[in-house]
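Chemist: My questions concern the predicted model and sequence given below.
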Amino acid sequence: MPQNRTVARLLFAEETDMGGLPLRQPLPTSQVEQHDPFLLLHHLTTTVQQSDYPYKLGVDPHPHRGFSPVTFVYQGGVHHRDSRGNDSVVWAGGTQWMNAARGIVHSERPPREMQEQGGVQEIVQLWVNTPKSLKMEQPAYFALQAEDTPVISEDEGGVQIAVVAGEYKSTRGPVNSPSTAMVLRLTLQPGGRCTLPIPADHNAMLYLLDGQVMLEGYGLVDGQHLALLNREGESCTITARQDTRLLLLSGKPLDEPLAMHGPFVMNTQTEVMQAMRDYQMGKMGMLFE
């Protein structure tokens, strides 16, 4: 039997405010800057009212460089537009993966149907760092819908595993990440049990949106907590105590210098300053809504 990884840190998703949007942020914290190559995790649930003005909803056009902002859609949808001409809506169960690379400007808003009818939008956003050698490549955008995401059923249907990126038990996710990563979306019923293999050279973490699980070798983990796993071990065994939605995120650490400022993730402060200048000069393109 493979050895299960132990829990290094258990981080609560504290409430915070991001430009007027109330959300939960388990990473980063004052104690943990990153779990290389993962830089940030946000969990947002908001209610869209029919009376809301469309361009006050969601996030206005803003730039990124040097990493991949990834959005997992759990309820409602996300309408993405960017300076490269991409324009698409990803609905519940889908994943939006944008490799910002050398620079891109985008907006994320509730889709028109939600603006007209109202509804709940629930998303999780993850920032995945990009290797230094690829930070100045051309940007790329992937709109992965639920129906295009391979799903594996285990434990007689008590566990559903959607493979977004990387390879899980010979099933490969459709998204090609610039960083070597495995990204799984899991839905577990009470009593559902699974053992998830984790590459030996990966850092790994689990985020529970809700519910409760028993992690073998550790104990109970409740919803709205992020479990950072130690590197020793090749798997993680989970048994659900309640209906649970969770993300398993593993990635090969880059072990590179990190310089961040707002939406720019580079290796030196000089590179961050250059990113600011390039954005101000329009080198990342323009987005007019």
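Modeler: Happy to help now that I have it. Values in this document were obtained by computation on a predicted structure and should not be read as measured data. Residues are numbered from 1 along each chain as shown.
Chemist: Let me know the helix or strand that residue 184 is in.
Modeler: Residue 184 belongs to strand 181-188 when assigned by DSSP states H and E.
Chemist: Counting residues, which helix of this protein comes out longest?
Modeler: Assignment by DSSP state H gives helix 269-280 as the longest helix of the chain.
Chemist: buried residues in the host helix or strand of residue 239?
Modeler: Element membership for residue 239 (DSSP H and E) is strand 235-240. Across strand 235-240, burial judged by 16 or more other Cβ atoms under 10 Å covers 235-240. C-beta here means a position set from N, CA and C on the backbone, and glycine is covered the same way.
Chemist: Let's have those residues in CSV, adding pLDDT and distance to residue 197.
Modeler: Below are the buried residues of strand 235-240 laid out as CSV (pLDDT from 0 to 100; distance: Cβ to Cβ, whole Å):
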residue, pLDDT, distance to residue 197
235, 97, 5
236, 97, 9
237, 97, 11
238, 98, 12
239, 98, 17
240, 98, 18
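Chemist: of all those, which two lie farthest apart?
Modeler: Spatial extent of the buried residues of strand 235-240 (Cβ to Cβ) is set by the pair 235 and 240 at 16.6 Å.
Chemist: what does the longest helix of the chain rub up against?
Modeler: Among residues not part of helix 269-280, those counted as contacts by Cβ atoms under 8 Å, 6 or more residues apart in numbering are 63, 65-66, 103, 105, 259-261, 264, 266, 284.
Chemist: Run through the neighbouring helices and strands of the lowest-mean-pLDDT helix or strand in the chain.
Modeler: Every helix and strand in the chain was compared by mean pLDDT, DSSP states H and E; the lowest is helix 112-117, with a mean of 88. In terms of contacts (3 or more Cβ pairs under 8 Å, 6 or more residues apart in numbering; DSSP states H and E), helix 112-117 is packed against strand 77-82.
Chemist: shaky segments in the stretch 51-200 of the chain?
Modeler: For the stretch 51-200 of the chain, the stretches flagged by pLDDT under 70 are 51-55.
Chemist: where do the strands sit along it?
Modeler: 59-64, 67-75, 77-82, 87-91, 95-99, 104-109, 119-129, 140-144, 151-154, 159-165, 167-168, 171-172, 181-188, 193-197 (DSSP state E, counting those that start in this stretch).
Chemist: for those strands, which one sits closest to residue 249?
Modeler: The closest of those to residue 249 is strand 181-188. By Cβ to Cβ, the value is 5.8 Å.
Chemist: May I have that closest one exported as PDB, CA atoms only?
Modeler: Taking C-alpha atoms only, strand 181-188 is exported to PDB below (Å, rounded to 0.1, in the frame of the first residue of the first chain):
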ATOM      1  CA  ALA A 181       0.200  20.100 -12.200                       C
ATOM      2  CA  MET A 182      -2.700  17.700 -11.500                       C
ATOM      3  CA  VAL A 183      -6.100  19.400 -10.800                       C
ATOM      4  CA  LEU A 184      -9.000  17.300  -9.700                       C
ATOM      5  CA  ARG A 185     -12.600  18.400  -8.800                       C
ATOM      6  CA  LEU A 186     -14.200  15.800  -6.400                       C
ATOM      7  CA  THR A 187     -17.800  15.400  -5.300                       C
ATOM      8  CA  LEU A 188     -18.300  12.800  -2.500                       C
END
